[in-house]
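[1] Okay, predicted coordinates and the sequence, questions at the end:
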Protein chains: 2
Amino acid sequence: MLKLEVGLGDRSYPIHVGRGILGNPELYTSVLRSRQILVVSNPTIAALWLAPLKNALAEWAPQTLLISDGEEHKNLTTLESILTRLLELRFDRNCTLVALGGGVVGDITGFAAAVYQRGVQFIQIPTTLLAQVDSSVGGKTAVNHPLGKNMIGAFHQPRAVIADLATLGTLPEREFAAGLAEVIKYGLIRDAHFFEWLEANMARLRARDPEALTHAVARSCRVKSEVVAIDELESGLREILNLGHTFGHAIETGTGYGTWLHGEAVAVGMSLAADLSCRLGRIDSYLCGRIDRLIRAAGLPVDLPQDLDPAHMLDLMRVDKKTRDGRVRLVLLERLGAAHVTADYPPGALDATLARAPDATA
Amino acid sequence: MLKLEVGLGDRSYPIHVGRGILGNPELYTSVLRSRQILVVSNPTIAALWLAPLKNALAEWAPQTLLISDGEEHKNLTTLESILTRLLELRFDRNCTLVALGGGVVGDITGFAAAVYQRGVQFIQIPTTLLAQVDSSVGGKTAVNHPLGKNMIGAFHQPRAVIADLATLGTLPEREFAAGLAEVIKYGLIRDAHFFEWLEANMARLRARDPEALTHAVARSCRVKSEVVAIDELESGLREILNLGHTFGHAIETGTGYGTWLHGEAVAVGMSLAADLSCRLGRIDSYLCGRIDRLIRAAGLPVDLPQDLDPAHMLDLMRVDKKTRDGRVRLVLLERLGAAHVTADYPPGALDATLARAPDATA
C-alpha cells in the first residue's frame, strides 16, 4: 500500500493506494469522531463492496444510503435526500459521511458534507479509475444544474481518500477507458516522463496489470495533489487541471448528461485543446499526433459528436465556470508537460478548431 | 458614518453603519469586480429601497431578483431559483450578489453566493435590526430544512456589510423588538456595560432615537465581529453567540416556521438559559429578574408557547447543530457579560427549566 499526502495545512489528508485496502479498519480509526457514520453508495457498487466496508466499520455501526447512479441524478433533489436522511438520523456536526462509489457518489456526498450543518467531515472511497485519479482528490464537490454541469458546489476537502485498486477489477471497459483520459491529462499538463511512460505502457494499463495500475493511479494522484496544494481554491495554477474540460463540459451538456461519459468528453476536449495550441504555434503538429494516438490507444474518441455544430459548442462553452466577463478562458499546452490558462487568442482559431474535420485515421 | 472592520485575514471586510448610506456609490466601488451584479430582495423592501440602491449602482447596471419573504421560503427551492437566474444571466465567478433585505434574504443570498460555481462574492445590505446586528455579520449562511432550521448552509464571508439605519424607520414594531433580542444578547454574553446601557436606554431605543440606535447597532456589530474574528468556524468561543438559540430554534420548529419571529423565540430562549444558569448556581435570581425585565421592556416574551410541552421541546432541541453525540449543549451564563457552552449539567435541571410556570408578572 502506498500513502501520499495532500499538503493543505490543517486540512491535509492522506491518499491510500493499494489492493484490497477498503476493508482495513486502521484507515478509518484515526478519522472517525463518533458513531454517526453514513455510507453513501449506489446499488451496483454496494452489491460488490459494501459488505467488506461495513465489516471494517463494524464497531462503528454505520448507516447506509443508496442513491441512483448517473450524472442525471447528481442534482439538488438527490442532495436533499442525503440531507434528509442525516436529519432523520439526528446526526450532528461530529458525524462522518463516507462516499463509496464513482464521481457521482463522491461529488454529491462531498457536497452534502460541505453544507450539512455548514460542514461535516467525509471520507472518499473512489471505485472508478476516474474518481481515483481525479474527482476524489482536491476537495471539489458539486451537483449539476439543468443549465450547467457542476454549477452548484463547494470546496470541501475529505479527511482521507482510500483508492482500492481491487474495485477497478469489475469496472466496465468503457468506464475504465474514460478514467484514462484524466491519467493522460496529468502527463500532458505537468509530467512529460509520465506521458512517455503511458505511451509505452498503455496496453498493460488497459489489461489492468496491477503494477502498471498502481503506478498510474499513484502518479496521477501525486500530480493532482501537488497542484491542489499550491492552489486549493483554483485562483491560478489549479486551472490547468481543466485541460480539455471546457470543451468536455460543453459536449456533456450539448449531448445531455449521461450520453457521453465525462472522460470521453474530456478526451475530445484534450485533442481540441492540443489542436488549438498547435494552431497558435505553441506546440507542433507532431506532438498533436502523439497526443491523438495516445488518446485513441486508450480507447477514447478525439472527434466532436457529429450532431453538435461548432456554433452550439461555442455557446455552451461560454457558460463554463472558467469564463471571465464573457471571454472563454481555455487551458492550452505550452509544450509536453506544461500548460497555462488564457483567453488571449484569436476567436477565429477557436472557430477553426471546433470546425476541424473528423480524424480520418480514427 | 461609522466603519468597523471584521478581522479575518484575507477575508476581512468592513461594516458601515450610518443613516442613508446605501445610496453611496463609494461603498461599492472597491468591492465590485465586474458588471455582473444580481441584487436579491423581497417585494416589500424593494418597493422602499431598491430605487436608491440601483441609483448608486447605476453605472454597473445591476440585475434584480425578488424572492418571497418569510422563513418558510428560506429553502432549497428558493435557493435554486437564485442559482437558475445566475445561470440564465450567464454570470461567472467574478459576479457579485447583493442581499438587500432582512435575515431571510441575507442568509439565502449568502448561501447562493457560497455555492454558485463553488463560491462568488456578496455584499450584505441588512434592512432589519435583527439582520444588522446579527445575521449579516459573521459569514453564516443557510437555508432551512423541514426537519430543522438553518440545517443546510456554509460559512461564507461577505465582502462588505452596509447597515443603513434609515431602513429601520419603516420596520414594523414587532420586527424591531425581535431585533432587540440579539442586541440584549451581546450585553449578556460579553459586555456588561452595554447591558446596563440597554437597561437605561431601552425606551429611547424603542422610540428609534437615532443616536441610541447608532450606538446599539455599532456596539452589537463590534461584539459580534470580535467573537467571529477569534473563532470564524464556530469551533469554540463563537458558540456563545447562540445564547438562547437552542431553545429558540426548537420553539420556531415546534410552532412552525413563521409563527414566532426568530428574535421572539431567542428572547424566550435567553430567559430559559438564564433560568437554567440560576438553577445551576452560576448566576443569582436577582440577575435573572433583571434579564427578564429587560427582555420584557424590549417588548419581547419570556415564556414558552403554551401548546409546546416540555417533552416535545427537549426532543426538538436534540436535533440542534450544537448537539454533540446526542447530548444537548447549551450556552449558559457565568455572570453578566460572560457565557460558556456546556453539556455538563443534570438533565433534571433542564427539565425543571422547561417546565417552569409562566411569569405571572408578564
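    Yes, it's here. Numbering: from 1, shown residues only, chains lettered A, B, ... in the order given.
[2] and the nearest residue to A:Pro358 once chain neighbours are set aside, helix, strand or coil?
    Leaving aside its chain neighbours, A:Pro358 sits nearest to A:Asp303 (4.4 Å; criterion: C-beta to C-beta, 6 or more residues apart in numbering or on different chains). For glycine as for every other residue, the C-beta is placed from the backbone atoms N, C-alpha and C. The three-state assignment at A:Asp303 reads coil, by DSSP: H, G, I helix; E, B strand; the rest coil.
[3] Low-confidence ranges, the stretch 251-362 of chain A, go.
    A:257, A:320-327, A:359-362 (pLDDT under 70).
[4] mind listing the helices for it?
    Assigned by DSSP state H, counting those that start in this stretch, the stretch 251-362 of chain A shows helices spanning A:262-279, A:285-297, A:310-317, A:347-354.
[5] Pull out the buried residues from the second one.
    Of the residues in helix A:285-297, A:287-288, A:290-292, A:294-297 count as buried by neighbour count, 16 or more other C-beta atoms under 10 Å in any protein chain shown.
[6] now the third one
    When neighbours are counted by 16+ other C-beta under 10 Å, the buried residues of helix A:310-317 are found to be A:313, A:316-317.
[7] Make TSV from the residues you listed and add distance to chain B to it.
    As requested, the buried residues of helix A:310-317 are exported to TSV (distance: C-beta to the nearest C-beta, whole Å):
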residue	distance to chain B
A:Met313	16
A:Leu316	11
A:Met317	11
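[8] Can you tell me the element the closest residue to chain B within the stretch 151-300 of chain A falls in?
    Using C-beta to the nearest C-beta, the single residue of the stretch 151-300 of chain A nearest to chain B is A:Gly153, 4.6 Å away. Here A:Gly153, judged by DSSP states H and E, is contained in strand A:148-155.
[9] relative to helix A:310-317, how tilted is that strand?
    20 degrees (axes from the mean of the first three to the mean of the last three C-alpha atoms, to 10 degrees).
[10] Identify the residues contacting strand A:148-155?
    Strand A:148-155 has contacts (C-beta atoms under 8 Å, 6 or more residues apart in numbering or on different chains) with A:71, A:76, A:107, A:111, A:114-115, A:139-145, A:232-234, A:249, A:252-253, A:257, A:319-321, B:83, B:87, B:114-119, B:154.
[11] cutoff 6 Å now
    For strand A:148-155, the surrounding residues in contact (C-beta atoms under 6 Å, 6 or more residues apart in numbering or on different chains) are A:111, A:114, A:139, A:141-143, A:145, A:233, A:249, A:252, A:319, B:83, B:87, B:115, B:118.
[12] Narrow these to those in strands?
    Per DSSP state E, strands hold the following members of the contacts of strand A:148-155: A:141-143, A:145.
[13] out of the residues you listed, which is most surrounded?
    A:Thr141 (28 neighbours; other C-beta atoms under 10 Å in any protein chain shown).
[14] Which residue, other than its chain neighbours, is closest to that one?
    A:Gly110 (3.4 Å).
[15] Tell me if I'm right that the one you found and A:Ala142 touch.
    No. Here A:Gly110 does not reach A:Ala142: they are 8.2 Å apart, not a contact under C-beta atoms under 6 Å.
[16] sorry, back to before: neighbours of the residue of the stretch 151-300 of chain A closest to chain B, how many?
    24.
[17] What residues are bridge-paired with it?
    Beta bridges link A:Gly153 to A:Ala142 when assigned by DSSP bridges.
[18] Show me which residues of the stretch 1-150 of chain A sit near chain B.
    Applying C-beta under 6 Å from any C-beta of the partner chain, we find that the stretch 1-150 of chain A lies next to chain B at A:34, A:76, A:80, A:83, A:87, A:90, A:92-94, A:115, A:117-118, A:145, A:147-148.
[19] check contacts around A:Ala273.
    Here A:Ala273 is in contact with A:243-244 (C-beta under 6 Å, 6+ apart).
[20] what's the spacing between it and A:Leu233?
    23 Å (C-beta to C-beta, to the nearest Å).
[21] Ok, A:Val120 next?
    20 Å.
[22] Compare those two (neighbour count), which wins?
    Per other C-beta under 10 Å, whichever of A:Val120 and A:Leu233 has more neighbours is A:Val120, with 22 against 12.
[23] Correct me if wrong: that one contacts A:Ala112.
    No. Counting by C-beta under 6 Å, A:Val120 stays clear of A:Ala112, with 8.7 Å between them.
[24] re the thing from before, roughly how far apart are the residue nearest to A:Pro358 and A:Tyr345?
    21 Å.
[25] Repeat that for A:Asp10.
    40 Å.
[26] Look at those two and report which has more neighbours.
    Higher neighbour count among A:Asp10 and A:Tyr345: A:Tyr345, with 19 against 5, using other C-beta under 10 Å.
[27] what about the strands in chain A?
    A:2-6, A:13-18, A:37-41, A:63-66, A:96-101, A:121-126, A:140-145, A:148-155, A:160-164, A:330-335, A:338-342.
[28] If you compare the directions of the last one and strand A:330-335, what angle comes out?
    Orientation of strand A:338-342 against strand A:330-335 (the same axes, to 10 degrees) gives an angle of 150 degrees.
[29] do the longest one as well
    Taking the same axes, to 10 degrees, one finds strand A:148-155 and strand A:330-335 inclined to each other by 80 degrees.
[30] The fifth one too?
    With the same axes, to 10 degrees as the basis, strand A:96-101 and strand A:330-335 are set at 70 degrees to each other.
[31] which residues are in contact with strand A:96-101?
    In contact with strand A:96-101 (C-beta under 6 Å, 6+ apart) are residues A:32, A:37-42, A:45, A:53, A:105-106, A:109, A:113, A:121-125, A:127.
[32] Counting neighbours, what do you get for A:Met270?
    Using other C-beta under 10 Å: A:Met270 sits among 29 other residues.
[33] Look up how far A:Gly148 lies from it.
    20 Å.
[34] just A:Ser271 next, same as before
    Going from A:Ser271 to A:Gly148 by C-beta to C-beta gives 23 Å.
[35] ok, how many other residues are close to the closest residue to A:Arg318 other than its chain neighbours?
    With C-beta to C-beta, 6+ apart as the criterion, A:Arg318 has its nearest non-adjacent residue at 5.9 Å, and that residue is A:Val328. Around A:Val328 there are 19 other residues, counting by other C-beta under 10 Å.
[36] Could you do A:Trp60 as well?
    For A:Trp60, the count of nearby residues is 18 (other C-beta under 10 Å).
[37] Let me see the contact set for A:Val227.
    A:Val227 neighbours (C-beta under 6 Å, 6+ apart): A:237-238, A:241.
[38] For these, give me CSV that also has neighbour count.
    Listed next are the contacts of A:Val227 as CSV, based on neighbours: other C-beta atoms under 10 Å in any protein chain shown:
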residue, neighbour count
A:Leu237, 18
A:Arg238, 19
A:Leu241, 23
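[39] with these in mind, which one is nearest to B:Trp49?
    A:Arg238 (39.2 Å; C-beta to C-beta).
[40] Quick check on the closest residue to the closest one other than its chain neighbours: phi, psi?
    Residue nearest to A:Arg238 in three dimensions, not counting chain neighbours: A:Asp231, with 4.0 Å by C-beta to C-beta, 6+ apart. The phi/psi pair for A:Asp231 (degrees, to the nearest 10) reads phi -150, psi 80.
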